[in-house]
Structures are given as structure tokens and as C-alpha cells.
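*Asks:* Got a predicted model here, sequence first, then my questions.
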Protein chains: 2
Amino acid sequence: MPRMLAEKSDAVAAIAEVFREHGYEGASLSQITAATGFGKGSLYHFFPGGKEDMAAHILAHIDHWFETELFAPLRTGDPATAIARMMQSVTTYFQSGHRICLVGAFALTGTRDRFATPIAHYFRRWINALETALHRTGLDQTQASQQAETAVLAIQGALVLARALNDETVFTRALHRIEADLLRPARPASQPPTGQGSGGLDGGAA
Amino acid sequence: MPRMLAEKSDAVAAIAEVFREHGYEGASLSQITAATGFGKGSLYHFFPGGKEDMAAHILAHIDHWFETELFAPLRTGDPATAIARMMQSVTTYFQSGHRICLVGAFALTGTRDRFATPIAHYFRRWINALETALHRTGLDQTQASQQAETAVLAIQGALVLARALNDETVFTRALHRIEADLLRPARPASQPPTGQGSGGLDGGAA
DNA sequence: CCAATTCTGTACCAATCGGTACGATCAATA
DNA sequence: TATTGATCGTACCGATTGGTACAGAATTGG
């Protein structure tokens, strides 16, 4: 069987950057050919489904990287170490806020409807993995769930705000605070702020 | 002088929704004409600069709305009341997470470079106004600044995550937590955020 | 070596892109 | 009501869109 002259995965990373820059709908094939160095022929050979096929491969690639690099350690490794490693990996991966989260960006436009399943899976697994780690540090299930959701949410917010203000210190400052919150020793059943409770029951999504 | 047959501002709101749906680069003029009901003639009469002109007007409109509805009360009104009102307005404006923040979405793609100034101004003024309110509740300047940045950041993250998971409870849960954090009575001089202290466990981020 | 198969550049397609031109249409004033 | 100038629809422009077709270059197994 003839080996490939070039790797499909070579293109995936380059295309991802085009999507990061212009969004899914805003990215044109000519920009993609320029960024990858591949002609349309090669592109449609690798990705017969066109742009949608490319985006699907990119999301799968991102998902796989986070799974092995972050999620798995959170689920099975030493919790505190895995959490510290997560913050480190996130900082590196997002280049201290200079690089955006493609999954988060996709979630904000109509692109979400096309890729709703992988987008939701990505964040759900991230939150669940972090929740598992927190639970194993001694936090009760409810607090672990809340903290995990809050942390992932804050990372996304940090990416938005750092880019909006064009200030990477916003990102690094936020990540330090998030890490401190996560590694803070478990509090013994702190009383909820009000009787309201904000629907504290588990938020199983649809 | 002939009165206007239709208001420019009528179009602004409709165009904003198109941008929310498809992003700036992904929004086409035909989608805009369909959404507004205006033909290209009217559109280019109102916005001689084309798409970029439209987006600039939209950003100005959003900025003005937030300025009068949120920022001004935060700066001059009763702090606790203004903060509570802010959370209420944010919930309504973003429809509990079903509607995205156009400014935040613009910040994530290359669109940011086109509108860097209004985007940065929007978030900077939001943070500053909230910081002022917090300072007037008794928080010292450093803590007020930190809390304000954290809150605005969390709101943006809540919008991303709620849309990604298609679960509005993520948004409402986050907003309740943010409000509780903001209105929590000032703590007496906890150590500044620069300290990496916390657990003192193995080394933190780079 | 050569054939088989994988890869890749180019030409091409209908459709649509953002934008312009311009005559028709409208409401208000005089 | 006639005039006026803002408002609006439509036809049209060159350029570009996402996508297809296909011949030829590259790379392997035999």
C-alpha cells in the first residue's frame, strides 16, 4: 500500500488556526489552501466532506489531546498533581490567552448547531473529569460539581477577556486564582449563602 | 426636511442578531437584508461603510445601552442595589444564556483587530464601574479590582459554557454564585493575590 | 523496473459575495 | 399641489465562494 506523501494531521493543525482566526463560517477555502500549502485537490482528498469534514477532524483532534493530556490524569492520577498539571497545560496550550479555545468560539455562533454533540462532549467531559479529581480530594459531590463547573467556566471567560483587553495578565491572573480556589483545602460543610440554594440539585443537561 | 420612513436603529437591532448568529465575517449581506427587511439600497444609505459601518453602529448601540443601564448606576447609585440590578439586567439581556455577548464573540476571532478599541473599552468600563461600586461598599481598591475582573470574566464564561452545553441552568447557577461573591461582606485584609502560598505544595505554574 | 494506487495542481462550475448605480417612491414643507 | 430630498428596490458589477473533474506527478509493492 503506497504511503501518504503528506500527513492529513499536518493539515489539521494549520486549518485549526484558520478557523481560530476567522471562525468557521468566515474561513474560506483559499485561506485554508494558503495556510496549509495544500491545493484544493489534496484538501478534498483528505476531507471529502469539505469544510465541515475538516472542522470535525479538528474537533476530534482537540478532544483527543485534552483527553490524554488533561482528562485522564484528572480521573486517575493524583488529584492535586493532576489539577496543577491541568493549569500548566491550559496555560501552555492557550499561550497565556493569546490563543483562543476553538470549541468555545464555535459554541458562540450558529456553528454550534452543526457540531453541538462534540462541543457539548468536550466541556462535559472536562467538567466531569475535574469533578472526579475534586471529589477524590475530599470534597463532597455537590461542591466538587460546582467547583469544577466554575473553574472551566472561568477559564473560558479568561480567554474571552484576555483577548478583548489584549492583556495576557488577565489570563494568568485568572488562572492563578482558579488554581488557588481548586486546591484550597475542603471546607467542612460551609453553609450555603441563602436558603435559596440556586437550584443546587445536580444539573444533568438535556 | 422629510422625515425618515424607517429608523436606522430599527435595522441595528436586527443586524446585531445576524452577527450573533453567524459572526462578523460569516454574516452575509443577503442574510442582513432578509433579517432587516431593508434592501441593499437602504442599507448602504444608512451605513455607507458597509458591514464594518453596521458593526460599528451596533457596538456603539450596545455600549450606550450598558453605559446607561449598568455602568452609570454602578458608579453613582447605591452599590448593593446597582450590583443586584446589574445581575438582573444581565440575565434579561442575555436571555439566561440563550443570547450571546456580541462584544465577547467579536473578541474571539480576527474581528477583534477591526474593532479592538470599542471592544476593549466596553469591558474596561464594565470592570471599572463594578470596581467603583465594590470599592464604595468598603472593599479596598485591590480586592475591588480583582473581584470586578473576576465577575465580568465569569459572566463571559457562563455565556460560553451555557451555550456549549445548551443548558441555561449553567448560566443562572453561575450568575447566582457571582452575585453572592460580590455582595459577600468585605473580608478583613486577606493576603494579596500575588502570594503563591496556598498549599505550599509542589511548585505552581511557570 | 513497471503497474497500481495515492496524492496534488489546475481548470472550471454555478452560486453568491460585498458593493455600486440609479430610477422610482415616499413624506413633509412651502 | 409642486418641490424637495431622504428613502428604497432592483439590476448589475467584478471578484470570490465552496465544490467538482480530471490529468498527471509521486510513491510504493511486486
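*Replies:* Looks like it came in fine.

*Asks:* can we go C-alpha only for contacts and neighbour counts from here?
*Replies:* OK.

*Asks:* what stretches of chain A score poorly on pLDDT?
*Replies:* Where chain A drops to pLDDT under 70, the residues are A:1-6, A:185-206.

*Asks:* Please identify the residue of it positioned nearest to chain B.
*Replies:* A:G157 (3.7 Å; C-alpha to the nearest C-alpha).

*Asks:* could you check the angle helix B:141-165 makes with the one helix or strand that residue maps to?
*Replies:* Counting by DSSP states H and E, the element that carries A:G157 is helix A:141-165. Relative orientation of helix A:141-165 versus helix B:141-165 (axes from the mean of the first three to the mean of the last three C-alpha atoms, to 10 degrees): 100 degrees.

*Asks:* For helix A:141-165, buried residues please.
*Replies:* Buried residues in helix A:141-165, defined by neighbour count with 16 or more other C-alpha atoms under 10 Å in any protein chain shown: A:143-165.

*Asks:* can you check stretch A:50-58 too?
*Replies:* Result for stretch A:50-58 [16+ other C-alpha under 10 Å]: buried residues A:K51, A:E52, A:M54, A:A55, A:A56, A:H57, A:I58.

*Asks:* Of all the residues in stretch A:62-74, which ones are buried?
*Replies:* A:I62, A:D63, A:F66, A:E67, A:E69, A:L70, A:F71, A:A72, A:P73, A:L74.

*Asks:* now do stretch A:105-125
*Replies:* Buried-residue list, stretch A:105-125, by 16+ other C-alpha under 10 Å: A:105-112, A:115-116, A:118-120, A:122-125.

*Asks:* Go back to those and keep what's next to DNA strand C.
*Replies:* Filtering the buried residues of stretch A:105-125 for neighbours of DNA strand C using C-alpha under 7 Å from any atom of the strand leaves an empty set.

*Asks:* so A:I100 is in which element?
*Replies:* Applying DSSP H and E, one finds A:I100 in no helix or strand.

*Asks:* For it, give me its contacts.
*Replies:* Residues in contact with A:I100 (C-alpha atoms under 8 Å, 6 or more residues apart in numbering or on different chains) are A:R20, A:F94, A:L159, A:V160, B:L108.

*Asks:* Kindly recompute the last result at 7 Å.
*Replies:* A:R20, A:F94, A:L159, B:L108 (C-alpha atoms under 7 Å, 6 or more residues apart in numbering or on different chains).

*Asks:* separation between the nearest residue to the second one once chain neighbours are set aside and DNA strand C?
*Replies:* In this case it means A:F94. Among residues not flanking A:F94 along the chain, A:I100 sits closest, at 6.2 Å (C-alpha to C-alpha, 6 or more residues apart in numbering or on different chains). Using C-alpha to the nearest atom of the strand, to the nearest Å, A:I100 is found at 24 Å from DNA strand C.

*Asks:* same question, A:I32
*Replies:* 12 Å.

*Asks:* element containing that residue, please.
*Replies:* helix A:29-36.

*Asks:* Now secondary structure and distance to DNA strand C too, for the buried residues of stretch A:50-58, in a markdown table please.
*Replies:* Formatted as a markdown table, the buried residues of stretch A:50-58 follow (DSSP: H, G, I helix; E, B strand; the rest coil; distance: C-alpha to the nearest atom of the strand, whole Å):
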| residue | secondary structure | distance to DNA strand C |
| --- | --- | --- |
| A:K51 | helix | 15 |
| A:E52 | helix | 17 |
| A:M54 | helix | 14 |
| A:A55 | helix | 18 |
| A:A56 | helix | 19 |
| A:H57 | helix | 16 |
| A:I58 | helix | 17 |
